[in-house]
Structures are given as C-alpha cells and as structure tokens.
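*Asks:* Everything below, folded, please.
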Amino acid sequence: MRQNIGRLMEERNLDAAVVMGSTVESPTVYYLTGGVKLEGVMLIFQKDAPSLLIHHPIERDNAAETGYDCLPYTHWDIGKIFQAVEGNALMARAELIRQILAESGVRGQVGFYGHGEIGSAHTLLSALQTRLHASEIVTEYDRDLFSRARETKDQAEIDVMKDLGRRTCQVVGAVADLLTSRPVSNNHLVASDGEPMTIGHVKDFIRGQLANLGLEEPAENIFATGADAGVPHNHGDPNDVLELGKSIIFDIFPRPQGGGYYHDMTRTWCLGYAPPEVEQAYEDVMTSFDLAVAALKVGRLTAEYQVLTCEYFESQGHPTSMTDFASQSGYVHSLGHGLGLQVHEAPGFSHLPGNTATLEPGTVFTIEPGLYYPELGYGVRVEDTYICDHDGVFHSITPFAKDLVLPVGR
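*Replies:* Numbers count the residues shown, from 1 in each chain. Presented below is the predicted three-dimensional model:
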C-alpha cells in the first residue's frame, strides 16, 4: 500500500527514490499518480521532504491533479544544458537529472524505478552516476520498493477490483449464453450467418461485450479448444470450429478502458458433453483448487501452495513441474500470481528456492490449477481471483459458476 512507501525505503536504507516514466507505460507511475494521464514525468520521494513531481509544461493541469508539489522541466535551462554538452542527448539528460536532484537536496542512497528499455536505462544511469558526487544510485531486481508497495491493496483498490470482477463475470456469462443458444449441426455449433461457429466469432463477441462494459483487453484473451487448450498460453486459432465434446479454455483478463486494475479468471467448458478423460482431469483440477482454498492462511508462504498442488497432482498420476521442470504435459505452471495494475505481479507462487512471499491482508492473487495434455487433445484450467481482506479473511471476487459442460442444441 502507498502508506508503506516510507517504511519500505527505510528497509532498503534509501535516502530518496526516483521514479521515471508515463502513466501509460509504467504501472508504478500509474499507481503513484492515481492514473492521471502524464507522459515522461519524474517523481522524487525523500525521507523528510514533500514528494515532488517534475512534468512537461504542457501537462501542468494534469500534474496539479495528482496533489504533489509540481515543477515543470522548463524550470531548468534545458537549452543551456544542451549547449554545455555539445548536443549530446544522453549527457544532457543525465545533467538535467543531476540538476533536479541537486536542487531538491537529494543525497545519499538513491533508488531508481520506472519504465524503459533495459539498454537505455542502464546507459542513462551509468552516465548519471559519473555526475553524482553526493549520491549513489541503487537499483533492484525483484520485488522492488514499489512492487512491494503495490503487493497489498487498500480498501479503495479492493473495491475497484471487486467491481471489475463483477463486470468480467458479466462478459463470461454473456459468452456462455451465446454458446448455449446456438443450434448444432454435424457435431459443431452454427453461427448466426449459418456457417460453423468459430473461435473468431466468439472473440468478436467478447470484444463487443467488453466495450459495452467499459473494459479493454490489452493482451487479448485465451479462448482455445482441443489440443490448443493443452498449451496454457495459446490464445486460440480464430479459424477453429467449436465442436461438441472438445475442451475449451476461456481465460479472460480485462481492465478498464484507458488503464487500471485487472481481473483474471478462467473457465473450462465442453459443449454438450465431456469425454471421460476430460471429466477426470476436471475433477482432479477442482479437487486441487478446493485444497488450495481450504489451506489459505495469512502469513503462509506462497511456495507451500505450489508444493501442495504438485503433491496432489502427482498422487493422481500427473507429471508436475516440481519433479520434471521441463515437462510440457500435466501440471506445468505455478498455482497463481499476484494481480493489480499488471496481470502478473507479486506475489509469485513458485516452489523454487528464494521465494519468500507470503499471503498478507490486502493481497490480491489468483488460484489457477490446470492440467494439460496437448498430445491427447485437451487442457483444463479453472481460475478465480482471491483477496485477503484487511481482517485476514479470504474471498473469491470471481462470482461465476464452475460447470464443465454447457448444454447446447436446446
């Protein structure tokens, strides 16, 4: 949560933290500015000074909406800076940042965060360090200061995510109604134009439903059938016909139009009936899902849930990534992930050494066990988004049924 930023800075022995980027490209900038649309800003946080937002002068009104103390980049003589470095854009950028930090009184350990290409960011920070005499640049790789702050949500964030879950379930419900309403011919659904219904038809329908509810899907969605459903992140071939009895994995992860928090949910459906092997896999997935939910506890390591899931699947004869990390059949991913301004964020649920993440009040995360057998022509996954509220109670915010079979041809 934002209120933890000061404590997290102290834990890292940081005297200041600098964030650079735009609300469109950087989830951290979006988080800190409340989603106010800004391009190329610089935010400075210090222990004993007001936070400062540096912005382009053409965005002065938007910058003021953030509530931070604000200064435009033109407060510094950018033309003179470019002349001094003979037009070298890299050195000009480094010198501008140096002057901003100096005037702001920044000294000591300074963490840098935000968005940018790896090579450009490394080059800029290297050039900047040569110009800083009273400060040392600090960078982090995993679960950095602001990722940790974002890892737990306050009540306002949770309320937004609950509403998003409700709207996402409306879309999924509309898709289910579409599928169950279509006639059947020669073992496949028939579209309104009389042609076989395809994944492309469904994806067009999903886009319309999302738009009607003010949602968007920057990374599209997963609507995959048959062997395609046996590869977890195959998005689905638009030309594939929807046949009865084949498993369909429908994974949808939208956010509000223009940016914001995500929801993430998955259902597995079979149209008309489910083959016995899919029914059994589905039963195993739902048992593992229920085992994980029953084990949810504040302070418990997320890695333990992955181990629990792997052990159950292995007891049922399925290969897992815990004993065969290279396996492409069986259970091949982790149980879940954190959710917020990114679809995948902290905490992670890996069982690998080094994962010390725990479930804490304010954590929003997914539970999504799955089994995948592309060589047998099917995949199964079920996913809800869960919150740990501030009383330490766990709730699903994905209120939608988990029926495997959708009746068709009625």
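
*Asks:* hey, let's count contacts and neighbours off CA atoms from now on
*Replies:* Will do.

*Asks:* Output stretch 97-107 as CSV, nothing but the C-alphas.
*Replies:* Extracted as CSV, the C-alpha positions of stretch 97-107 are listed here (Å, rounded to 0.1, in the frame of the first residue of the first chain):
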residue,chain,number,x,y,z
ILE,A,97,18.5,14.8,-13.7
ARG,A,98,21.7,15.8,-11.8
GLN,A,99,20.5,19.4,-11.5
ILE,A,100,17.0,18.3,-10.5
LEU,A,101,18.3,16.1,-7.7
ALA,A,102,20.8,18.8,-6.6
GLU,A,103,18.1,21.5,-6.3
SER,A,104,15.8,19.0,-4.5
GLY,A,105,18.5,18.3,-1.9
VAL,A,106,18.8,14.7,-2.8
ARG,A,107,21.9,13.0,-1.3
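
*Asks:* Averaged pLDDT, it. What do you get?
*Replies:* The average pLDDT within stretch 97-107 is 96.

*Asks:* Going by neighbour count, which residues of it are buried?
*Replies:* The neighbour-count check on stretch 97-107 (16 or more other CA atoms under 10 Å) flags 97, 98, 99, 100, 101, 106, 107 as buried.

*Asks:* all helices of the stretch 1-150 of the chain, in order?
*Replies:* Assigned by DSSP state H, counting those that start in this stretch, the stretch 1-150 of the chain shows helices spanning 5-11, 27-33, 60-65, 78-84, 89-103, 118-131, 145-151.

*Asks:* can you count the residues close to residue 18?
*Replies:* 19 (other CA atoms under 10 Å).

*Asks:* swap in the one 3 residues further on?
*Replies:* Around residue 21 sit 21 other residues, with neighbours defined as other CA under 10 Å.

*Asks:* Touching, it and residue 115? I think so.
*Replies:* Yes. In terms of CA atoms under 8 Å, residue 21 counts as a neighbour of residue 115; the distance is 5.3 Å.

*Asks:* Quickly note the distance from the residue nearest the centre of the chain to residue 134.
*Replies:* Nearest residue to the geometric centre of the chain (CA atoms, centre = their mean): residue 343, 1.4 Å. Separation of residue 343 from residue 134 (CA to CA, to the nearest Å): 38 Å.

*Asks:* do residue 155 as well
*Replies:* From residue 155 to residue 134 the distance is 40 Å (CA to CA).

*Asks:* quick one on the thing from earlier: could I get the helices of the stretch 1-150 of the chain in JSON lines, plus columns for distance to residue 258?
*Replies:* Listed next are the helices of the stretch 1-150 of the chain as JSON lines, based on distance: least, CA to CA, whole Å:
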{"stretch": "helix 5-11", "distance to residue 258": "26"}
{"stretch": "helix 27-33", "distance to residue 258": "11"}
{"stretch": "helix 60-65", "distance to residue 258": "15"}
{"stretch": "helix 78-84", "distance to residue 258": "32"}
{"stretch": "helix 89-103", "distance to residue 258": "29"}
{"stretch": "helix 118-131", "distance to residue 258": "25"}
{"stretch": "helix 145-151", "distance to residue 258": "19"}
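
*Asks:* What are the contacting residues of stretch 243-254?
*Replies:* Applying CA atoms under 8 Å, 6 or more residues apart in numbering, the external contacts of stretch 243-254 come out as 168, 187-189, 210, 215-218, 220-226, 229, 262-275, 278, 343, 378-381.

*Asks:* could you flag which of those are buried?
*Replies:* 168, 188-189, 210, 215-217, 221-226, 229, 262-274, 278, 343, 378-381.

*Asks:* Tell me which of those residues fall in strands.
*Replies:* If you go by DSSP state E, the buried ones among the contacts of stretch 243-254 have 188-189, 215-216, 222-225, 265-271, 378-381 in strands.

*Asks:* can you give me the helices for the stretch 151-300 of the chain?
*Replies:* Applying DSSP H, counting those that start in this stretch to the stretch 151-300 of the chain gives helices spanning 155-181, 199-212, 276-294.

*Asks:* residue ranges with poor pLDDT in the stretch 301-410 of the chain?
*Replies:* Low-confidence segments of the stretch 301-410 of the chain (pLDDT under 70): 410.

*Asks:* Show me the helices in it, by range?
*Replies:* Secondary structure of the stretch 301-410 of the chain (DSSP H, counting those that start in this stretch): helices at 302-315.

*Asks:* For it, just list every one of the strands.
*Replies:* 337-338, 345-348, 364-367, 370-373, 378-381, 384-388, 394-396, 405-406 (DSSP state E, counting those that start in this stretch).

*Asks:* Packing partners of the first one?
*Replies:* Taking 3 or more CA pairs under 8 Å, 6 or more residues apart in numbering; DSSP states H and E as contact, the helices and strands that strand 337-338 lies on are strand 345-348, strand 364-367.

*Asks:* Please convert those to JSON lines, extending it with mean neighbour count.
*Replies:* Shown next, in JSON lines, are those (neighbours: other CA atoms under 10 Å):
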{"stretch": "strand 345-348", "mean neighbour count": "24"}
{"stretch": "strand 364-367", "mean neighbour count": "28"}
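
*Asks:* Same list (those strands) but as TSV, adding distance to residue 385.
*Replies:* Shown next, in TSV, are these (distance: least, CA to CA, whole Å):
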stretch	distance to residue 385
strand 345-348	13
strand 364-367	4
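
*Asks:* Residue 33: which of those is closest?
*Replies:* strand 345-348 (18.9 Å; CA to CA).

*Asks:* just checking, what packs against the closest one?
*Replies:* Partner elements for strand 345-348 (3+ CA pairs under 8 Å, 6+ apart): helix 145-151, strand 337-338.

*Asks:* give me that answer again for 6 Å
*Replies:* Packing partners of strand 345-348 (3 or more CA pairs under 6 Å, 6 or more residues apart in numbering; DSSP states H and E): strand 337-338.

*Asks:* quick check, distance from the strand it packs on to the centre of its chain.
*Replies:* Distance of strand 337-338 from the chain centroid (CA atoms, centre = their mean, to the nearest Å) equals 7 Å.

*Asks:* Can you tell me what sits against that strand?
*Replies:* Contacts with strand 337-338, where a contact means CA atoms under 6 Å, 6 or more residues apart in numbering, come from 344, 345, 346, 347, 348, 364, 365, 366.

*Asks:* out of the residues you listed, who's nearest residue 162?
*Replies:* The shortest approach to residue 162 among those belongs to residue 364, at 10.4 Å (CA to CA).

*Asks:* Quickly note the distance from the closest one to residue 336.
*Replies:* Separation of residue 364 from residue 336 (CA to CA) stands at 10 Å.
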